[in-house]
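Visitor: The following block contains a protein sequence and its predicted model.
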2 protein chains.
Amino acid sequence: MPTIHDVAKRAGVAPITVSRVINDSGYASQETRKRVETAIAELGYVPNVLARSLRSKRTNTLALVITDITNPFFTSISRGVEDTASAAGYTTIYCNTDESEEKEKKYLQWFLQKQVDGILLVPAHSTPDSVEFIQEQGASVVLLDRKVPNVEIDAVRCDSEAGAYALIKLLIDRGHRYIVALGGPREASTAQDRIAGYRRAITEAGLAENEHVYYGPFTQSSGYELTTQALAHTPSPTALFGANNFISIGAMKALRDSGIRVPEEIAVVSFDDLPPTLVVDPFLTVAAQPAYQMGQKATELLLNRLSGEAPQECQEIILPIEIIVRQSSGPVRAY
Amino acid sequence: MPTIHDVAKRAGVAPITVSRVINDSGYASQETRKRVETAIAELGYVPNVLARSLRSKRTNTLALVITDITNPFFTSISRGVEDTASAAGYTTIYCNTDESEEKEKKYLQWFLQKQVDGILLVPAHSTPDSVEFIQEQGASVVLLDRKVPNVEIDAVRCDSEAGAYALIKLLIDRGHRYIVALGGPREASTAQDRIAGYRRAITEAGLAENEHVYYGPFTQSSGYELTTQALAHTPSPTALFGANNFISIGAMKALRDSGIRVPEEIAVVSFDDLPPTLVVDPFLTVAAQPAYQMGQKATELLLNRLSGEAPQECQEIILPIEIIVRQSSGPVRAY
DNA sequence: TTGTAAGCGTTATCAC
DNA sequence: GTGATAACGCTTACAA
């Protein structure tokens, strides 16, 4: 493998001149530039990014820390991140934490050791630990999707509380009085906010007594299980609210297996839409988050921060949620 | 940030001794080891991976080059890769080529510059260019999902030809005589093989005259469009074969929009299953590939290659395809 | 516009 | 067991 020295020798210049040509930094006469470029081409020279980063302290790498790429919501986010990052000349490292704080910590440590320029983090838990850990090491972070209390930090997310409120309000307006929430993990801020929105809508409608919340992981099997429990309860719910896409799919499966028809016998609403590429007949009434855009905006914010273009103070970007009414929420009626 | 020198000074040893303790290489007396470890803890020393890699020529990083993370098939592959890689202490860089050879080339260049230890490649086109490019730079590659002609190389994939053959055979056995193939891009080896399998089944059944193949990208909109074209054709097909999941979903939408019932009026079979986490009522009869395992096996193979444990000669791992019969293929009948 | 010298933080090599 | 030295390939700081 030829080095910058080899190129320099062949072009009859100093290594630093080659460096200048490669990076378009500093001056270089038309002719010198030409000679260097020829030498590079002839030798098939490829700069060693490691050496460059060691010296310059910049790796042109971003880290994306999400809980599970298998969830289409995070898939879209990650696509938004990768597109934006690569367009700016950055590569993306990624990992799945599976909602485990331990894994999260391990990965963050790795990534910081790799000297990534910035981190996009979907924090598993609502504690400032991870963020503080990153900031101590002097790296830039942007929080994605979820909140963390007591830290000044750039963030991009949707208003989960408002989204959940709108969904529940919709159910109440259609006559539902007994709505069960199939919640996510207590640790995730989005899960907390969605339950808060549920609660607000229920309480406002004077239905506080009917409040009924289950908690569990953001998985299909949890949705299935919680639904089974909810159905066994008396009085039976007339509507279900799934706190994310996986939970709702699990709920739908449980209802199917119990022979309960949606929306005729029970209504279902859900957080998160599935991408249209994956569904032939969209059926669920949902609060849809612009996942791709979230990834995009977060990456732009991070890149601006890195280039020093962003204003000093922290930015919180709250993207709008779209309520998409489909069949699963059923018609207006009296219960 | 403390360096290895600071630790060495504090522990009263040479930097190389610290290095030995950190990496568990070479000897170090119990006592020295202790002193070094204390110093490390006291200073909060974190090794600089960049410097280490520059010297050692190993980055503990793998690159995953896929066409589109948004496709659940590749999502599962990527999860298999990441799980396996991280368990072995490797981080994963990834990118989406969108079936573009140009993007592929750009990303490969980046990744090779970053000195990744190995690359997992889903080649956009069936040409040896990319593979040769990588091998010239001395990096290890494992081919994933798709073939490339005229190169000796490790590879993990499924037998697309056989899978397609089995699907078409199933349709023929149910009485279908006019089956249209909604193919993928001509450049992708999997698309080629699936059409070859289609052709073999059709020909074997003496239906060569009814062969009818469309080509287009592996997207939903292509599936939609090709289906519209196929329906306009006379005689009308009694069955459709979608060459991948997106194409088939597009086909299903086109059929729905045309008011044509599946499987009553037309049968549909498809390559690739959707993960059970995403579908409430699986409907399509499919040739399902073990995507997660493919990622896992490919990564294991690559890691073995890197550690020199793999045998000299190249390995081709062909994983079994499962034919899952559901409603979309309909019952046996005469046409 | 170009070059010199030094150093980024590690580890390979060889010596003791 | 431990250490001195050089080197990995590049860029910053300064000089000409």
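Guide: Arrived safely, thanks for sending.
Visitor: what comes into contact with stretch A:147-158?
Guide: A:123, A:126-128, A:130-132, A:135, A:140-146, A:189-190, A:193, A:289-290, A:294, A:297-298, A:301-302, A:305, A:310, A:314-321 (C-beta atoms under 8 Å, 6 or more residues apart in numbering or on different chains). C-beta here means a position set from N, CA and C on the backbone, and glycine is covered the same way.
Visitor: List the buried residues of it.
Guide: Applying a neighbour-count criterion of 16 or more other C-beta atoms under 10 Å in any protein chain shown, the buried positions in stretch A:147-158 are A:K147, A:V148, A:V151, A:I153, A:D154, A:A155, A:V156, A:R157, A:C158.
Visitor: A:V213 is in contact with A:A196, isn't it?
Guide: No - counting by C-beta atoms under 8 Å, A:V213 stays clear of A:A196, with 10.4 Å between them.
Visitor: before we move on, back to that, nearest to A:L182, of the buried residues of stretch A:147-158?
Guide: A:C158 (19.0 Å; C-beta to C-beta).
Visitor: how much space is there between that closest one and A:I77?
Guide: For A:C158, the distance to A:I77 equals 11 Å [C-beta to C-beta, to the nearest Å].
Visitor: intersection of neighbour lists for the two?
Guide: Overlap between the neighbourhoods of A:C158 and A:I77 consists of A:D145, A:M294, taking contacts as C-beta under 8 Å, 6+ apart.
Visitor: Near DNA strand D, which residues of chain A are found?
Guide: For chain A, the residues found near DNA strand D under the criterion C-beta under 7 Å from any atom of the strand are A:1, A:3-5, A:15-16, A:19, A:22-23, A:25, A:47-48, A:51-52, A:54-56.
Visitor: What average pLDDT does stretch A:227-246 get?
Guide: Taken as a whole, stretch A:227-246 has a mean pLDDT of 96.
Visitor: scratch that, stretch A:125-137
Guide: 91.
Visitor: circling back: restricted to helices, list the contacts of stretch A:147-158.
Guide: With helices taken from DSSP state H, the overlap with those comprises A:130-132, A:135, A:189-190, A:193, A:294, A:297-298, A:301-302, A:305.
Visitor: and the two most separated of the residues you listed?
Guide: Checking the ones in helices among the contacts of stretch A:147-158 against each other with C-beta to C-beta, the farthest-apart pair comes out as A:D193 and A:R305, at 25.0 Å.
Visitor: Which one's more surrounded, the two?
Guide: The residue with more neighbours, out of A:D193 and A:R305, is A:D193; 23 against 19, by other C-beta atoms under 10 Å in any protein chain shown.
Visitor: Count the neighbours of the closest residue to the more buried one other than its chain neighbours for me.
Guide: When the adjacent residues along the chain are set aside, A:D193 lies closest to A:S160, with 3.7 Å between them (C-beta to C-beta, 6 or more residues apart in numbering or on different chains). As a burial measure, the neighbour count of A:S160 was computed by other C-beta under 10 Å and equals 28.
Visitor: can you check A:D159 too?
Guide: Burial measure for A:D159: 17 neighbouring residues, criterion other C-beta under 10 Å.
Visitor: Would you check how far apart it and A:D272 are?
Guide: As for A:D159, its distance to A:D272 is 14 Å (criterion: C-beta to C-beta).
Visitor: just the strands in the stretch 101-250 of chain A please.
Guide: A:118-121, A:140-144, A:154-158, A:179-182, A:213-214, A:239-242 (DSSP state E, counting those that start in this stretch).
Visitor: Name the stretch among those that sits most buried.
Guide: Each of the strands of the stretch 101-250 of chain A was given a mean neighbour count from mean count of other C-beta atoms under 10 Å in any protein chain shown, and the largest, a mean of 30, is that of strand A:239-242.
Visitor: so A:Y292 sits right up against A:F74, yeah?
Guide: No - the pair A:Y292 and A:F74 fails to qualify as a contact (C-beta under 8 Å) at a distance of 11.1 Å.
Visitor: In terms of neighbours, single out the busier of those two.
Guide: A:F74 (25 against 19).
Visitor: which ones are touching the nearest residue to that one once chain neighbours are set aside?
Guide: The shortest distance from A:F74 to any residue other than its chain neighbours is 4.6 Å, reached at A:I66 (C-beta to C-beta, 6+ apart). If you count contacts by C-beta under 8 Å, 6+ apart, A:I66 has them with A:F74, A:I77, A:S78, A:Y94, A:C95, A:N96, A:T97, A:V122, A:L144.
Visitor: show me the contacts for A:I202.
Guide: A:I168, A:I172, A:I179, A:A208, A:N210, A:E211.
Visitor: before we move on, what about A:N60?
Guide: If a contact means C-beta under 8 Å, 6+ apart, then A:N60 has A:V49, A:S53, A:G89, A:Y90, A:T91, A:D117 as its contacts.
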